[in-house]
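Enquirer: predicted coordinates and the sequence they were generated for:
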Amino acid sequence: MNDQPTDHPAPSSIPGRPLDPILSPRSIAVVGASRGRKSLGYAVLHNLVTHEFDGAIYPVNPKARVVHSLRCYPSVTAIPDSVDLAIVLVPRDHVLPVVANCAAAGIRGLVVITAGFRETGPEGAALEAKLRSLVRKARIRMIGPNCMGVLNADPDVSMVATFAPTPAHSGSIGFISQSGALGVAILNMAESLGIGFTQFVSVGNKIDVSGNDLLEHWEHDEATRVIAMYLESFGNPRRFTQIAKRISRRKPILVVKSGRTAEGALAASSHTGALAGADVTISAFLDQCGVIRANTVEELFDVAQVLDRCPIPTGDRVAVVTNAGGPGIMATDALVGRGLRMARLAPTTRDALRTFLPPEASTANPVDMIASATGLSYRRALDAVLADAGVDMVMAIHVTPMPTDPNSILDEIMAGTRTDPSKPVISVMMAAEEFYDHIQWRSDLVPVFRFPESAALALDRIYRYGVWRRRPLEDAAPTFEVDDARVTRLLETTGSGYLPPEAVFEILEAYGIPTAPWGIASDAGEAGRIAGRIGFPVVVKAVASAMVHKSDVGGVAVDIRTSDELEAACDSIRFRVEKAGHPLEGFLVQKLGRGGHEVIFGLSFDPRFGPLLMFGIGGKYVEVLRDVRFGVTPITRTEAREMIRGIRGIRLLEGVRGDKPADLDLLEEIVLRLAQLVERHPSIIELDINPFLAAADRGAAMALDGRIRVGDPSVGRPSPGDNHPNPNPGASDENHH
């Protein structure tokens, strides 16, 4: 355990792998090592020794000569050999001097477990700022502070540098936890599920090494096939986007993001702002990056084991093979409920099944082999369904009858998977607890679940990940010829707040977004002249800058067909609006749009993620129906297409009961034009086009109403990327903007 290091190259000398001194060290100093069995200094040293770290271990404690039967040193500068990594567990006020000593000793990696920094208040935050400055000036990479530690389960390293009582077994998952306390629970759960890791990192306060750094490290680590993350916040989402989109093309990234509710959206006045809570923003952001989001840690591990042990499916058709009808029905409900399809087995497949199944068995899907099914029955059934070209995935379910050994059944299921290794096969073993204890660390197994519902969720997640990964690779969003100068003049002359309706429609027109013919009138007489010019029937709307939703106070009149009706409508609108306490500034007169379906385009601004675009079924019930999709800019053409076609009401737009389909290409183009608008004019922080009339004829499609709010673009707007100099090469800019 404390032998001299082997002859592999010093991690700090390997080009392009700046985190190796932390994650694959040859030698470790434990600063704050202790003989007190209840101390963290004892727990970390004990774990390194008992789990047989393959390198040199140097306890550091000025008050002890020997700790854990190892020679102890008064400081890191007294250690006669080179040290790659220092684990720091001293009291908070001693951390900075210890780190300074580590820099003087040439140590290139630090893990600061000590807490008491910015999480405790202003004094701790000030001390943390000094620590960051010291680390970056010394060009040292550091995990923490306020973390649980790190581990590397590779048998050639065998480093358990944490205070967690549960070790990690070797596997293929690289795990990041932003919570130290939850990290302990994650290790416990992984142990109970038989899931192993390559490396596990508790990042703590992330003042240097961030999640983005670890993603890039594992991107090139062949042993890490799946990356999993528990996050409480994103440091630099824009940088995460660049990294995650690239890595997800090669290996899957799984995220559990806590904080699914947000108070910030409660005060939003636009439809988009009201619908776009923080959790919605994060989901849209992760979807665009190809990152798989899990709702719980348990769900994350369910999906991780399938990604680790199965190929990515090429389609959504699932076959179920079972020995009991009830679980087969449960599986069907769960699969179909998640949007997957039950495979329609070919006649030749059903004929093959009949050659060995009893007459009472069902050869439809689910294939119910009845309770007498043996392990050989499972193997032959899997041979048949996997050979069917209409099957993309298989779920094998076994309910254990009294005389049956579930282990032998599982062995035969494993053997059956060899028919077509390109298709994922998972098993649901509804067996006694001792069965799971027996298979816990069998790495050769198909994924094993206890119930069909969790198995169905995992299949759904890997299918959707496969769809994302097969998308065309697009380098950039398209650009359009627009009148940016006109938009700039309008924004500069109107100031902050909500723009008047004429400015809104002019901006839309400048960006090539079709609008209904319109005009602004100061009174009923002028409204009549505008109506005569654009043609009846018309719509009349109140213009009042203090009014948010016009229809709520009777500020809209539709299908006005004559001058007399128009005059009466203007009088009624004036009375209702002023009664509601809003000074009336005039009337917006528009040509009445006919036909098509009302949809909504929207934009809200998230302080961390930036502009968030929305599309969905529109009209006054948009917040009730909530049939919308979101996208974080920049948005590619494929992402715009998925936003349009991803709403539940897409069949309405595609045409039902004889209706002509709406021009979906135009809707995609508008999403892209709005993305370009907000990227080039960042002072636009809120926008609604509601309703927009989506019609089959492009000439009949038009914006019927819209609102735009402008504000200071420098307030809360995140950096578009890591473009400023970083004093610590290799460190991400996740934590400073």
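Expert: That came through fine. Numbering: from 1, shown residues only.
Enquirer: ok, the residue lying closest to Leu653 once chain neighbours are set aside - contacts?
Expert: If the residues on either side of it in the chain are set aside, Leu653 comes closest to Ala662, at 4.4 Å by CB to CB, 6 or more residues apart in numbering. C-beta coordinates here come from the backbone N, C-alpha and C atoms, glycine included. Contacts for Ala662 (CB atoms under 8 Å, 6 or more residues apart in numbering) come out as Gly596, His597, Leu653, Glu654, Gly655, Ala694, Ala695, Ala696, Ala701.
Enquirer: just the buried residues of those.
Expert: Buried members of the contacts of Ala662, counted by 16 or more other CB atoms under 10 Å: Gly596, His597, Leu653, Ala694, Ala695, Ala701.
Enquirer: tell me how far the last one lies from Leu592.
Expert: From Ala701 over to Leu592 the distance is 14 Å, taken as CB to CB, to the nearest Å.
Enquirer: buried residues, stretch 120-137. List them.
Expert: Gly124, Leu127, Glu128, Leu131, Arg132, Leu134, Val135, Arg136.
Enquirer: was I right to think Leu625 contacts Ile600?
Expert: No - contact criterion CB atoms under 8 Å: Leu625 and Ile600 do not qualify, at 10.0 Å.
Enquirer: comparing the two, which residue is more hemmed in?
Expert: Ile600 (23 against 15; other CB atoms under 10 Å).
Enquirer: sec struct for the more buried one, please.
Expert: strand (DSSP: H, G, I helix; E, B strand; the rest coil).
Enquirer: once you drop chain neighbours, what's closest to it?
Expert: Counting by CB to CB, 6+ apart, the residue nearest Ile600 is Gly618, at 3.3 Å.
Enquirer: gap between that neighbour and Met393?
Expert: Taking CB to CB, one finds Gly618 at 37 Å from Met393.
Enquirer: repeat for Ser82
Expert: 51 Å.
Enquirer: comparing the two, which residue is more hemmed in?
Expert: More crowded of Ser82 and Met393, by other CB under 10 Å: Met393, with 27 against 15.
Enquirer: let me know the pLDDT of that one.
Expert: The per-residue pLDDT reported for Met393 equals 97.
Enquirer: does it touch Leu459 like I think?
Expert: Yes - judged on CB under 8 Å, Met393 makes contact with Leu459 at a distance of 5.5 Å.
Enquirer: what sits in contact with each of those two?
Expert: What both Met393 and Leu459 touch, as defined by CB under 8 Å, 6+ apart, is the set Pro313, Val318, Leu340, Pro424, Ile426.
Enquirer: which of these sits closest to Arg71?
Expert: Ile426 (51.2 Å; CB to CB).
Enquirer: what sits closest to Arg576 if chain neighbours are left out?
Expert: Spatially, and ignoring its direct neighbours in sequence, Arg576 is nearest to Gly554 (3.6 Å; CB to CB, 6+ apart).
Enquirer: where do the contact lists of Leu625 and Ile600 overlap?
Expert: Contact criterion CB under 8 Å, 6+ apart; residues bridging Leu625 and Ile600 by contacting each: Gly616, Ile617.
Enquirer: what about the residue nearest the centre of the chain, distance to Leu131?
Expert: By CA atoms, centre = their mean, the chain has its centre lying nearest to Leu286, at 2.8 Å. Here the criterion is CB to CB. By it, Leu286 lies 31 Å from Leu131.
Enquirer: give me the below-cutoff pLDDT ranges for the stretch 301-450 of the chain.
Expert: Residues of the stretch 301-450 of the chain meeting the criterion pLDDT under 70: 402, 443.
Enquirer: could you pull out the strands in it for me?
Expert: 317-322, 341-342, 367-368, 393-399, 425-430, 448-449 (DSSP state E, counting those that start in this stretch).
Enquirer: which one of those lies nearest to Thr114?
Expert: Of all the strands of the stretch 301-450 of the chain, strand 448-449 sits nearest to Thr114, with 40.2 Å by CB to CB.
Enquirer: the spatially closest residue to Gly655 that is not a sequence neighbour: what's it in contact with?
Expert: Excluding the flanking residues, the one nearest Gly655 by CB to CB, 6+ apart is Pro661, at 3.8 Å. Shown in contact with Pro661 (CB under 8 Å, 6+ apart): Leu653, Glu654, Gly655, Ala696.
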